[in-house]
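Enquirer: Structure for the following, please:
(chains A and B)
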There are 2 protein chains.
Amino acid sequence: MDTIIKIAAQAKQASRGLANLSARVKNDALLSMAKALEEATGQIMEENKKDLIYAKEKGLPAVLIDRLALNEKRVMAMAAGLMDVVAIPDPVGEVTSMWRRPNGLQIGRVRVPLGVIGIIYESRPNVTADTAGLCLKSGNAVILRGGKEAINSNKIIADILGKAATAAGIPQNSISFIENTDRQAVRELVKLHNLVDVIILRGGKSLLEAVGTESSVPIISHGEGNCHVFVDKDADLSMAARIVFNAKVQRPGVCNAAESLLVHRDIAMKFLPNMINQLKEAGVEIRGCFETKRITPDILDATEDDWSKEYLDLILSIKIVDSLDEAINHINRYGSSHSEAIVTSSYANSRRFLQEVDAAAVYVNASTRFTDGGEFGLGAEMGISTQKLHARGPMGLVELTTLKFIIFGDGQIRE
Amino acid sequence: MDTIIKIAAQAKQASRGLANLSARVKNDALLSMAKALEEATGQIMEENKKDLIYAKEKGLPAVLIDRLALNEKRVMAMAAGLMDVVAIPDPVGEVTSMWRRPNGLQIGRVRVPLGVIGIIYESRPNVTADTAGLCLKSGNAVILRGGKEAINSNKIIADILGKAATAAGIPQNSISFIENTDRQAVRELVKLHNLVDVIILRGGKSLLEAVGTESSVPIISHGEGNCHVFVDKDADLSMAARIVFNAKVQRPGVCNAAESLLVHRDIAMKFLPNMINQLKEAGVEIRGCFETKRITPDILDATEDDWSKEYLDLILSIKIVDSLDEAINHINRYGSSHSEAIVTSSYANSRRFLQEVDAAAVYVNASTRFTDGGEFGLGAEMGISTQKLHARGPMGLVELTTLKFIIFGDGQIRE
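Expert: Numbering: from 1, shown residues only, chains lettered A, B, ... in the order given. Next comes the predicted model:
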């Protein structure tokens, strides 16, 4: 096994060549990589079996084992994902603006790759292929560090993709994989700020807490989503019910699902009984504030802790509020700045909610579940950033680039 | 003295109101702040005297004492700086793009303030006023933490600005100042990631090394500038001489001054003797590679260490290279990714240099000394970032903002 520093140094070297490749070369490589995955389906499934055996021995929950499992269809989907990346425009080389100064200097800003991207993830094996494809298309070298549970699957996928890329003319070591699943390996990686340009953390809170403060490499973290839907007093209540139900129930285990419902006092009595019944029928556990319980007593008590919780499960907290102000203050206090929605027919309230709620994505009259690179039309997604610096919300290819100033002169010197 | 966490919590509170202020209110406040500074000139100079006495007692070099000293003209210049910020367009509220999805969702991105900006600096007292003005105009609360040497000057300036801002209708605590000059105070500040959105580090390498790895708040650092000028084989040699001289001599103590000269072998004999004479006459110490010494023996030897050094002084290292490739590789290896220039008349070489050199600002036929917010036409500057994430190169007001997704629906739910 190569040392972490050797892997990073080789990736840095690769990134120099990668930055200058044309979109055509990168697209051809992506197609080769997709084909290589398809052809290796059997081999990938064999390696995946090892992970599944380990998972069962370890007694992982069935839902996690299902996420881990690869079959022919899932490998095909990974390959199709790589082919989708071909269709996304190459952001590298775009001159976003250019202007002329009084002294005749012409100054512009051009998009360039970040360089070397380290990605630490705990998700399904398809993240390995998705990430490798997106980094390659944006001209970045990538160092992949997946979770222990999927180590065999991730390793074979990264290996196949790396070989196919090199065969297609991409610099060697453009796609690297860290086999060492100890947290120590991550600790080493995040200290190599001379070799690694950014670390993307796609994992739980514990990963961020363990790595975040030790890192000398800038981090983009994918934090939690404690998302709210606020039903305003003049909302279309049937629209509100559809949105709340969708935001909570359609896929409760993801970060853009709603965890908390705020309801304006004036319509609470009319709206809540049916809404709560509908949610309960879908298996949702309701935890309500004191006033919610007065309306529908047959629910659990929401505690102070509930307001900050990301359940990632069929659980919803409900609070009745007196005003738009109280709703906004509650969201800004307890929310995680991910996705927040208001349902209203008020022009003024929609404007204030959009302006005053501090989150990556703020919705009027739509489900929070749309916060996603594909749904937003970004073409792909490297995850969803809940921080404000560099990238906020779903990250597409553009967020994997930075801007460089280019200056055209004809002998100008500074007086 | 308030505790650091209290200062940060109050700043966070202030940032909520600040984010929603109109440009008119902010501009009026900036004018009041400028007026308040002018009116307090005597008071400011008295406090400044205390810093000067301390500096002399401590035996600081005359050049640093001069930087620290305030007189009527310098206070007026600070006030004028605040008035200049009035003229810069308010970036907050700009919708940078908006599109419609097939399901009818209208999705846009709007510029919003970062929130709370902590700035740690070791520079002259005018940074206090400049930073307060730029943060206010971009709708951010600022926590100022200046160096020990200027503590009395910084404190009175921050105090006057804060009071004037509040009197003009800006939320209280929008401009805060940390009086504690122990590094411990900085250590506390950089751990408050729930309250502080970004830390801007304007200080030496030691500050970055001390704080960088401890911080849980994202950092934008202003690293060093080891800048090069490469004189290509078909350069206009008189243009090259003017640019090299300007880049090295015009103001050697700043980060965009050149520290190293690369010369193509084919013109070294013709170019270097005169160039070196001219530089020596201006008091520049020359440290040359083996081949440079063969041409002009009366210079010092450049060691391997010299190639990575930011002298910030009248010293220049010189290396003769065989090709554009060698120049680019040398710069990418030893440079600090700040400002890099080529002097050439070759179209192809200018294109390759612009594309392949990895730096915040890459120049053709102009002095590196132009890397500056004002010179680039950004209207103002919060410093120059040498990192790639979020902001690279001179930071203007736009770099003090982030983008929020806003989504207009009419009942859309995710299938």
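Enquirer: Quick check: bridge partners of the residue of the stretch 251-400 of chain A found nearest chain B?
Expert: Here the stretch 251-400 of chain A gets closest to chain B at one residue, A:Ala366, 2.8 Å apart by Cβ to the nearest Cβ. Where you see a C-beta, it was placed from the backbone N, CA and C, and this is true even at glycine. Counting by DSSP bridges, A:Ala366 forms beta bridges with B:Gln412.
Enquirer: what about it, neighbour count?
Expert: Residue crowding around A:Ala366 was assessed by other Cβ atoms under 10 Å in any protein chain shown; the count is 30.
Enquirer: so what's A:Gln172 closest to, chain neighbours aside?
Expert: Here the nearest residue to A:Gln172 in space, its sequence neighbours aside, is A:Thr166; by Cβ to Cβ, 6 or more residues apart in numbering or on different chains that works out to 5.3 Å.
Enquirer: Look at the one you found and give its secondary structure.
Expert: Under DSSP: H, G, I helix; E, B strand; the rest coil, A:Thr166 falls in the helix class.
Enquirer: is it true that it touches A:Ile160?
Expert: No. The pair A:Thr166 / A:Ile160 is not scored as a contact, 11.2 Å apart, by Cβ atoms under 8 Å.
Enquirer: List the strands paired with the helix or strand containing A:Phe230, with their directions.
Expert: Following DSSP states H and E, one finds A:Phe230 within strand A:227-231. Here strand A:227-231 has these sheet partners by DSSP bridges: strand A:258-264 (parallel), strand A:339-343 (parallel).
Enquirer: Tell me the first helix or strand C-terminal of the longest one.
Expert: As assigned by DSSP H and E, the chain's next helix or strand after strand A:258-264 is helix A:265-281.
Enquirer: re the thing from before, and the strands paired with strand A:227-231, which is most packed in?
Expert: Stretch with highest mean neighbour count among the strands paired with strand A:227-231: strand A:339-343 (a mean of 31; mean count of other Cβ atoms under 10 Å in any protein chain shown).
Enquirer: what residues does the stretch 201-350 of chain A put near chain B?
Expert: Those residues of the stretch 201-350 of chain A that sit near chain B, judged by Cβ under 8 Å from any Cβ of the partner chain, are A:212-216, A:218-220, A:236, A:239, A:242-243, A:245-247, A:250, A:332.
Enquirer: Buried only: go through those residues for me.
Expert: A:212-213, A:215-216, A:218-220, A:236, A:239, A:242-243, A:245-247, A:250, A:332 (16 or more other Cβ atoms under 10 Å in any protein chain shown).
Enquirer: which one among those residues gets closest to A:Val142?
Expert: A:Ile220 (13.6 Å; Cβ to Cβ).
Enquirer: Confirm that the closest one lies within a strand, as I assumed.
Expert: Yes. Assessed by three-state DSSP, A:Ile220 belongs to a strand.
Enquirer: Point out where chain A drops to low pLDDT.
Expert: A:1, A:123, A:204 (pLDDT under 70).
Enquirer: Quick check: the spatially closest residue to A:Thr96 that is not a sequence neighbour vs B:Asp372, distance?
Expert: In this structure, A:Thr96 finds its nearest non-sequential neighbour in A:Arg109, 5.1 Å apart by Cβ to Cβ, 6+ apart. According to Cβ to Cβ, to the nearest Å, A:Arg109 and B:Asp372 sit 15 Å apart.
Enquirer: rewinding a little: determine which two of the buried ones among the residues of the stretch 201-350 of chain A next to chain B are furthest apart.
Expert: A:Ser216 and A:Asp236 (50.9 Å).
Enquirer: Tell me what angle the helix or strand A:Ile243 falls within forms with strand A:227-231.
Expert: Assigning secondary structure by DSSP H and E places A:Ile243 in helix A:237-249. Helix A:237-249 runs at 170 degrees relative to strand A:227-231, counting by axes from the mean of the first three to the mean of the last three Cα atoms, to 10 degrees.
Enquirer: Show me what helix A:237-249 is packed up against.
Expert: On a contact count with 3 or more Cβ pairs under 8 Å, 6 or more residues apart in numbering or on different chains; DSSP states H and E, helix A:237-249 meets strand A:227-231, strand A:258-264, helix A:265-281, strand A:339-343, strand A:361-366, strand B:401-412.
Enquirer: contact partners of the second one?
Expert: What it means is strand A:258-264. With Cβ atoms under 8 Å, 6 or more residues apart in numbering or on different chains as the test, strand A:258-264 has contacts from A:225-233, A:235, A:244, A:247-248, A:271-272, A:275, A:292, A:306-307, A:309-311, A:315-324, A:327, A:330-331, A:334, A:341, A:368.
Enquirer: let's go with 7 Å and repeat that
Expert: Residues external to strand A:258-264 that are found in contact with it (Cβ atoms under 7 Å, 6 or more residues apart in numbering or on different chains): A:226-233, A:244, A:247-248, A:271-272, A:307, A:309-311, A:316-321, A:327, A:330, A:368.
Enquirer: before we move on, what about the fourth one?
Expert: Counting contacts by Cβ under 7 Å, 6+ apart, the residues outside strand A:339-343 that touch it are A:225, A:227-232, A:235, A:239-240, A:243, A:247, A:256, A:331, A:349-350, A:353, A:357, A:359-368, A:371.
Enquirer: what's the spacing between that strand and its chain's center?
Expert: Mean-position distance between strand A:339-343 and its chain equals 19 Å (Cα atoms, centre = their mean, to the nearest Å).
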